[in-house]
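Visitor: quick one, what's the 3D model for this:
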Amino acid sequence: MFTKNLARVLLTISFFFSGYSLIAQDEPFTLKKLAKESSDIVIGVPVAMNSYEKQNGKYVYTDIDILVKKKMKGKLIADDIITLTMYGGKIGDIITYVVGFPKFSLKMESFFFFKEDQVPIKSSKGLQKVYRIVGLTQGKMDIIEKEGKKIVVRDFELPLKLDENGKSISLSKNNSVKVDEMISYITSFAIK
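Guide: Numbers count the residues shown, from 1 in each chain. This is a model prediction of the structure:
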């Protein structure tokens, strides 16, 4: 069983890397670049997640419904729900994970940097717009409450440069900035 699950993980990773060049990033995104390359920047909350298999169990995907709470850039508005389809997920004892993809938890409020793809897809709900997260893990920053204040954190240790010439802010589980401060940074870059 372990070998079969490991093989699925490796297949998922190799499938992803062979088909998509956006994984290969020479350097981390600056906040300015994230804002510039995003069609929509929102604060949102995953409200539903559904993992399923495709191609007779070779691949696991997860649909994540995200409720938009606040818009900073783009067409999405509060109360819109978008569905992201991500590689990986959990079905029973089978877990697949793609390195570089953000992690999601229901009801975890986050900043999302979305890029709307140009071609909608047909689904059971009709034609739907397709969104992806800019910069993969870099394009999702979690909002948590600590000592009565809402702060922004990331799952990984990497300084976040504001722009190519500017200062860096350190975001991780141990280093944070206030939500209002992050909104101020984002809106200053998103409107330029």
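Visitor: this structure: strands as residue ranges?
Guide: Remark: strands assigned in the chain by DSSP state E are 40-54, 59-73, 81-87, 89-91, 94-96, 110-116, 121-123, 126-128, 131-133, 140-146, 149-153, 158-161, 168-171, 177-178.
Visitor: out of the ones you listed, which one sits most buried?
Guide: With neighbours defined by mean count of other Cβ atoms under 10 Å, none of the strands of the chain is more surrounded on average than strand 110-116, at a mean of 23. Using the backbone N, CA and C atoms, a C-beta is placed for each residue, glycine as well.
Visitor: list the neighbouring strands of that strand plus their orientation.
Guide: Taking DSSP bridges as the criterion, strand 110-116 sits next to strand 40-54 (antiparallel), strand 131-133 (antiparallel), strand 140-146 (antiparallel) in its sheet.
Visitor: can you redo those strands as TSV with mean pLDDT and distance to residue 181?
Guide: Converted to TSV, those look like this (pLDDT from 0 to 100; distance: least, Cβ to Cβ, whole Å):
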stretch	mean pLDDT	distance to residue 181
strand 40-54	93	14
strand 131-133	88	22
strand 140-146	92	12
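Visitor: just to revisit the earlier point, now tabulate the strands of the chain in TSV and tack on distance to residue 186.
Guide: Formatted as TSV, the strands of the chain follow (distance: least, Cβ to Cβ, whole Å):
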stretch	distance to residue 186
strand 40-54	6
strand 59-73	5
strand 81-87	18
strand 89-91	29
strand 94-96	32
strand 110-116	7
strand 121-123	28
strand 126-128	26
strand 131-133	15
strand 140-146	10
strand 149-153	10
strand 158-161	11
strand 168-171	12
strand 177-178	11
